[in-house]
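*Asks:* My questions are about this predicted structure, shown below with the sequence.
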Amino acid sequence: METTQPTATERELVAAGQRLTVRVPGTSANLGPGYDSLGLALSIYDTLTVETLSTGELEFELSGEGADTLPRDGSHLVVRAIELALERLGFRHNGLKIIADNVNPHGRGLGSSASAVVAAVTAANALVPAESRQGRDWVLQLTSELEGHPDNVAPAIFGGLALSWQDREQYSSTRADVAPSVIPVVAVPDYELSTETARGLLPASVGHHAAAMNSGRAALLIHALTTQPEYLLPGTEDYLHQSYRAAAMRPSAELIAALRAAGHAAVVSGAGPTVMVLANGEAEAARVTAQIEAFTTENTPGVGWRVMTLAVDVEGATVELHRR
Ligand SMILES: Nc1ncnc2c1ncn2[C@@H]1O[C@H](COP(=O)(O)OP(=O)(O)O)[C@@H](O)[C@H]1O
Ligand SMILES: N[C@@H](CCOP(=O)(O)O)C(=O)O
């Protein structure tokens, strides 16, 4: 049976005077061979507070990453995602105040756009009456549609290591727990590469040999991340995306080659240009940090790097409702 969506004016208004805060982790997608399917939630958090108004206005208080560059109108990604989510839920708003404190750097491969849409859709879902709210699988579906791939949004929603897949237009994900000795170390360069540009560098198809090699490594990676981290180096070998993108992030590609030659499981985080190492234990994480600092000082003049030892986030997006 065909169902018709309510028109904009038929949709119910969300109650004004509500205020809530969503905290959402950053993510690293791909992890080497898990292109568009694997992602890890990281302990680097953006905070989004949304207030519903009755003025019909959009108000913004932006701080941190993007505060000087993001739009302050209806084209802001968070507003667009909130409006789409409300529409799907059968609601509309009559004004919003968006208070965003962004820590996750933009255009670096740590899933900032995915974190933004997860925060926005989670907020919209919490603003409608309880009987209209949907579960986290609905949030996964809508945010994957917005991103075009589920590998960042899934860990941002659920935390931990997310294994995601797609059947036609249907997105699904399950979560695995990462071995406690695994420590993500990220090196974030001061240059950006948009995900859209990096996706444009990939070929339309790859050969059967590359596909077979990649599936072996992706299977090994799950075992290495969850059970036997000593296999992280072979488990993070990729045949689908990194080599095609290397020319757009030379300093990152050179750093990865040096780290892997020294035995560390270094990968391009997401579509780059951040480099992530999955270290096995604190001693390796310390050695990795020292090697990154020495290598970049010597070999990547003119590029600034921020090196962070992070943890795997296990909570995913969380919502706090503020009572008035
Ligand atoms: N918190 C945010 N609020 C609004 N827009 C955002 C936010 N985070 C990211 N974006 C948008 O997404 C772009 C970065 O997305 P993308 O190229 O996919 O890189 P990333 O790897 O950081 O997700 C930014 O330039 C900005 O337009
Ligand atoms: N699988 C995607 C992941 C993009 O991650 P991002 O953090 O760079 O947005 C891809 O490789 O394009």
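*Replies:* Great, that's in hand. Ligands and ions are numbered 1, 2, ... in the order given.

*Asks:* so residue 48 is in which element?
*Replies:* For residue 48, the enclosing helix or strand under DSSP states H and E is strand 34-52.

*Asks:* Output the contacting helices and strands for that strand.
*Replies:* With contacts defined as 3 or more Cβ pairs under 8 Å, 6 or more residues apart in numbering; DSSP states H and E, the packing partners of strand 34-52 are strand 19-30, strand 96-102, helix 112-127, helix 153-158, strand 161-167, strand 182-189, helix 208-226. (C-beta placed from N, C-alpha, C; glycine too.)

*Asks:* Spit out the contact partners of whatever residue of the stretch 201-324 of the chain ends up closest to ligand 2.
*Replies:* Here the stretch 201-324 of the chain gets closest to ligand 2 at one residue, residue 270, 2.7 Å apart by Cβ to the nearest ligand atom. Going by Cβ atoms under 8 Å, 6 or more residues apart in numbering, residue 270 touches 27-30, 109-111, 152, 195.

*Asks:* at 6 Å instead, please
*Replies:* Applying Cβ atoms under 6 Å, 6 or more residues apart in numbering to residue 270 gives the contacts 29, 109, 111.

*Asks:* Please enumerate the helices of the stretch 201-324 of the chain.
*Replies:* Counting by DSSP state H, counting those that start in this stretch, the stretch 201-324 of the chain has helices at residues 208-226, 232-235, 242-245, 250-261, 282-299.

*Asks:* What is the subsequent helix or strand relative to the strand holding residue 48?
*Replies:* strand 58-64.

*Asks:* What about the nearest residue to residue 31 once chain neighbours are set aside, how many residues nearby?
*Replies:* Closest residue to residue 31 apart from its sequence neighbours, by Cβ to Cβ, 6 or more residues apart in numbering: residue 38 at 4.8 Å. Neighbour count for residue 38, taken as other Cβ atoms under 10 Å: 24.

*Asks:* right, and residue 38 touches residue 28 too?
*Replies:* No. Applying Cβ atoms under 6 Å, one finds residue 38 not in contact with residue 28, separated by 9.2 Å.

*Asks:* got the domain boundaries for the chain?
*Replies:* Following automatic domain parsing, one finds the domains of the chain at 12-174+313-322, 182-309.

*Asks:* can you put those domains in TSV and add mean pLDDT?
*Replies:* Shown next, in TSV, are these (pLDDT from 0 to 100):
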stretch	mean pLDDT
domain 12-174+313-322	98
domain 182-309	98
